[in-house]
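>>> Build me a model:
(4 chains)
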2 protein chains.
Amino acid sequence: MPRRTAADDGQPRLATIRDVAQHAGVSVATVSRILSGTYPSAPSTRAKVMRAVSELDYVANAHARGLAGVRPKSVAIVVNSVISPHYAHVAQGVQEEAAREGRLCIVGTTGGDPERELATIGLMRQEQAEAVIRVGNIVADDAYRERMASIARALARAGSQLVLCGRPPLGPDVPAIGVEYDNTAGAHAITSHLLSAGHRRILCLGRRSGYTTPDSRIAGYRAALAAHRVPHDPGLEVDGTMERGEGYRMMRERLDRGSGPRDFTAVFASNDLIAAGVRDVLRERGLRIPDDVSLVGFDDLPPAADIDLTTVHVPHEELGRIAVRLALRGETPGAAQRVLLGTHIVVRDSVRRLRGV
Amino acid sequence: MPRRTAADDGQPRLATIRDVAQHAGVSVATVSRILSGTYPSAPSTRAKVMRAVSELDYVANAHARGLAGVRPKSVAIVVNSVISPHYAHVAQGVQEEAAREGRLCIVGTTGGDPERELATIGLMRQEQAEAVIRVGNIVADDAYRERMASIARALARAGSQLVLCGRPPLGPDVPAIGVEYDNTAGAHAITSHLLSAGHRRILCLGRRSGYTTPDSRIAGYRAALAAHRVPHDPGLEVDGTMERGEGYRMMRERLDRGSGPRDFTAVFASNDLIAAGVRDVLRERGLRIPDDVSLVGFDDLPPAADIDLTTVHVPHEELGRIAVRLALRGETPGAAQRVLLGTHIVVRDSVRRLRGV
DNA sequence: ATGAAAGCGCTAACAA
DNA sequence: TTGTTAGCGCTTTCAT
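Numbering: from 1, shown residues only, chains lettered A, B, ... in the order given. Presented below is the predicted three-dimensional model:
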């Protein structure tokens, strides 16, 4: 049976390398070689081929090419949501570094759904990305960790390097690179900052048990209290997700609850978004920052500068850049390694020094 | 030559469907059918196959599957940068709708580089995504438009639908769906808002000739002035990109320049980021909003609410959702269609009503 | 219900 | 320098 061509039916077809070869009067191998550019060829042949390519508007089929053994030069990043500034900034760093290394960057999103996360990473694995970078906190659940570990192994087998960004490592025997920043130290530092200013009753908003990021931050908060020998009042810790609306809700409920005087002088929000929500409530109630209430956050993302928030700076882009660098430089895909980046406090104008300190 | 297997060399190999078939003692066709799930099969066979799959940790190779004619269920979105809130929000909408439709969502970034844009879209085309959604303003350059048009045609030929989000259509004969929002009307409305409050000298920041989005907004600004019979002073229009730092720079230079009294009472920033930068400068100089200077923006993205900015609300997520919906619902890939979404003013607290109005 | 075999479009030996 | 051809892993007729 003769090979099917565009003329066979009314349906338009994508031009294939065979069409190009035929059009240019050469063999498919010649076309392939000329397009790959890594081969010597006669200028006249080359010209014919290039003309055929542009006339037929030919683009190599990625699937066929991948099947034939060419590993796509790409890095993949998987985030919960792309509107979260932290993820977005890390993704930015990944993208910059990937571009610098001549790699394409593919972003997959999970919407926070573990099933979709697995599906998305599976897709990246199928796509044979050189590196798969997973950003964000996770449910620190054993079954889940086991699944991630097996994904890491599968990726390693497929020749891609898994990088976990801003989440705890899966264990020394799991072939994954961890690039983290120090949540606990950051929270410790900023809580100490409040304590040094004389605050003793510090409301802590955004606890979320089982999620690594808030967990570590709360741990830092508690450690700082302990270090300063300030009694820890569990009643000052409020559960909530790390969103602006949640910050608003938590603060409002807190203020509405007590009829007496406020039982705190400062608020530690487990991220800047929460802090922004808190600020909204305070302003609505006519409470000034820092005069009436001191407020600190965590992340140093856009809202922080807008609202003059003293907060913990996290090296977001740096995280992404280093993730790519390590994944690509590593000679062995599936190597285990761990990097911990530092954080630092950015002092703006949201903390009041209490009298007598 | 016998087929190569994992035992042939020390190199680990990814399990293939053949390995699974062998392991389960069935044929590859059976494995394929069972995995696709759309075929009747004996429960015992099914069990054997599933066990082999999980033991070998098999994942179908996307390239092979794509080659064999299975169109991946995915939509692609191409943005300049993922840290830009507007793009991020549109991407969010795309992602939501794609997930709802059971599609995977791939995000490609271009960094604003036309070359990379072309390369990225080419990649999406190769990947055979059902829809390719391009978000953001473009250089309204003829050569560029011609290239996009030919890309649209190529995508249509490959069976994917191109959607242009928030950018002008390429022409009636180009097979692309356009989903836009009304920049000019929005700018007209908010400028009128200032004019109605008695402002006559309105500084306009963020002009960028040749870029569709700022161009349309500036056009709305001018149209509103004309409609109110307020003379248009080109000296009040300042060039700059739509970033916070640029807003800061433009405003500072403007304030530093004039030694006399300010020659404007209000500022129209062509987006909220610029407005945020403007606000930073004003605060540094001890100028209050809206008491000393009125300020409006455009976009209604996160910074706007933080800084109590009166601005134009753009339906970001909606844009993304509709883009996906149209692309997927359209029976003919490559259909031309156009949708224009409305905007509306969000009044906060950044405009002062001048005396005598 | 299952198997055998023909491609999908491309790359990379191997020949010429 | 160019052509021929054997796969890459999968799906899908066509047989059985």
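>>> Give the buried residues for the strand or helix carrying A:Gly247.
Here A:Gly247 is covered by helix A:244-257, with elements defined by DSSP states H and E. By neighbour count on 16 or more other CB atoms under 10 Å in any protein chain shown, the buried set for helix A:244-257 is A:244, A:246-252, A:254-255. Every C-beta, even on glycine, is put in place using the N, C-alpha and C of the backbone.
>>> Same question for stretch A:34-45.
Those would be A:34-35, A:45, for stretch A:34-45 by 16+ other CB under 10 Å.
>>> can you check stretch A:338-353 too?
Buried, per 16+ other CB under 10 Å, within stretch A:338-353: A:339, A:343, A:345-346, A:348, A:350-352.
>>> ok, those vs chain B, which is closest?
A:Arg348 (11.8 Å; CB to the nearest CB).
>>> Count the residues that sit near A:Gly235.
8 (other CB atoms under 10 Å in any protein chain shown).
>>> contacting residues around it?
Counting by CB atoms under 8 Å, 6 or more residues apart in numbering or on different chains, A:Gly235 makes contact with nothing.
>>> before we move on, what about A:Met250?
A:205-206, A:238, A:240, A:274, A:277-278.
>>> ok, which pair from those residues is furthest apart?
In the contacts of A:Met250, two members sit farther apart than any others by CB to CB. They are A:Val238 and A:Gly277, at 12.0 Å.
>>> Compare neighbour counts for those two and give me the winner.
A:Gly277 (25 against 20).
>>> Flag every buried residue along stretch A:89-109.
Those would be A:89-99, A:101, A:103-109, for stretch A:89-109 by 16+ other CB under 10 Å.
>>> and what of stretch A:274-286?
Buried, per 16+ other CB under 10 Å, within stretch A:274-286: A:274-282.
>>> Just put those residues in TSV and tack on secondary structure and distance to B:Met124.
What follows is the buried residues of stretch A:274-286, written out as TSV (DSSP: H, G, I helix; E, B strand; the rest coil; distance: CB to CB, whole Å):
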residue	secondary structure	distance to B:Met124
A:Ile274	helix	37
A:Ala275	helix	38
A:Ala276	helix	35
A:Gly277	helix	37
A:Val278	helix	41
A:Arg279	helix	41
A:Asp280	helix	40
A:Val281	helix	44
A:Leu282	helix	46
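>>> from the residues you listed, which is closest to DNA strand D?
A:Ile274 (45.1 Å; CB to the nearest atom of the strand).
>>> that older thread, now, the buried residues of stretch A:34-45 that are in helices?
A:34-35, A:45 (DSSP state H).
>>> among those residues, which are within reach of DNA strand D?
Counting by CB under 7 Å from any atom of the strand, A:Thr45 from these sit close to DNA strand D.
>>> Can you tell me which of the ones in helices among the buried residues of stretch A:34-45 comes closest to chain B?
A:Leu35 (13.0 Å).
>>> Please name the residues that touch the closest one.
A:Leu35 touches A:49, A:53, A:60, counting by CB under 8 Å, 6+ apart.
>>> if you set the cut-off to 7 Å instead, what comes out?
Shown in contact with A:Leu35 (CB atoms under 7 Å, 6 or more residues apart in numbering or on different chains): A:Ala60.
>>> Spell out which parts of the stretch 51-200 of chain A neighbour chain B.
Residues of the stretch 51-200 of chain A lying close to chain B by CB under 7 Å from any CB of the partner chain are A:57, A:59-64, A:66-67, A:81-83, A:88-89, A:91-92, A:95, A:99, A:104-109, A:111, A:120, A:122-123, A:125-127, A:150, A:154, A:157-158.
>>> one step back: ok, then the element right after the helix holding A:Gly247?
Following helix A:244-257 in sequence order, the next helix or strand is strand A:266-269 (DSSP H and E).
>>> what comes into contact with that next one?
By CB under 7 Å, 6+ apart, strand A:266-269 touches A:190-191, A:194, A:199, A:202-206, A:221, A:247, A:275, A:278, A:293-298.
>>> Just the ones of those in strands?
Of these, the ones assigned to strands by DSSP state E are A:202-206, A:294-296.
>>> Those: which two are farthest apart?
Farthest apart among those by CB to CB are A:Gly206 and A:Ser294. That separation is 16.4 Å.
>>> quick one, which of these two is more surrounded?
A:Gly206 (30 against 24).
>>> So the closest residue to the more buried one other than its chain neighbours versus A:Pro315, what's the distance?
In this structure, A:Gly206 finds its nearest non-sequential neighbour in A:Ser270, 3.3 Å apart by CB to CB, 6 or more residues apart in numbering or on different chains. From A:Ser270 across to A:Pro315, the span is 18 Å (CB to CB, to the nearest Å).
>>> More neighbours: which of the two?
A:Ser270 (32 against 19).
>>> from what I can see that one touches A:Arg217, true?
Yes - with contact defined as CB atoms under 7 Å, A:Ser270 reaches A:Arg217; the gap is 4.8 Å.
>>> Between these two, which contacts overlap?
Common neighbours of A:Ser270 and A:Arg217 (CB under 7 Å, 6+ apart) are A:Phe298.
>>> just to revisit the earlier point, among the buried residues of stretch A:89-109, name the ones in strands.
A:104-109.
>>> From those, pick the one nearest A:Thr30.
A:Leu104 (26.6 Å).
>>> by contact count, what packs against the lowest-mean-pLDDT helix or strand in chain A?
The helix or strand of chain A with the lowest confidence, counting by mean pLDDT, DSSP states H and E, is helix A:114-126 at a mean of 77. Secondary-structure packing of helix A:114-126 (3 or more CB pairs under 7 Å, 6 or more residues apart in numbering or on different chains; DSSP states H and E): strand A:74-79, strand A:104-109, strand A:131-135, helix A:142-157.
>>> can you tell me how far the residue in the stretch 251-357 of chain A that chain B sits nearest to sits from A:Leu35?
Distances between the stretch 251-357 of chain A and chain B by CB to the nearest CB are smallest at A:Asp306, namely 4.4 Å. To A:Leu35, A:Asp306 is 50 Å away according to CB to CB.
>>> Let's have the ones in strands among the buried residues of stretch A:89-109 in TSV, adding pLDDT and distance to A:Ala76.
Output for those, formatted as TSV (pLDDT from 0 to 100; distance: CB to CB, whole Å):
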residue	pLDDT	distance to A:Ala76
A:Leu104	77	9
A:Cys105	78	8
A:Ile106	80	5
A:Val107	81	8
A:Gly108	81	6
A:Thr109	82	12
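>>> Let's have the residues you listed in a markdown table, adding distance to DNA strand D.
Output for these, formatted as a markdown table (distance: CB to the nearest atom of the strand, whole Å):
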| residue | distance to DNA strand D |
| --- | --- |
| A:Leu104 | 21 |
| A:Cys105 | 25 |
| A:Ile106 | 20 |
| A:Val107 | 25 |
| A:Gly108 | 20 |
| A:Thr109 | 24 |
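>>> How far off centre is the strand or helix carrying A:Thr311?
Assigned by DSSP H and E, A:Thr311 belongs to strand A:311-313. A distance of 18 Å separates the centroid of the chain from that of strand A:311-313, by CA atoms, centre = their mean, to the nearest Å.
>>> Could you do stretch A:341-355 as well?
The answer for stretch A:341-355 is 25 Å, by CA atoms, centre = their mean.
>>> Walk me through the domains of chain A.
Chain A resolves into domains spanning A:4-67, A:74-182+A:316-342, A:183-314 when parsed by automatic domain parsing.
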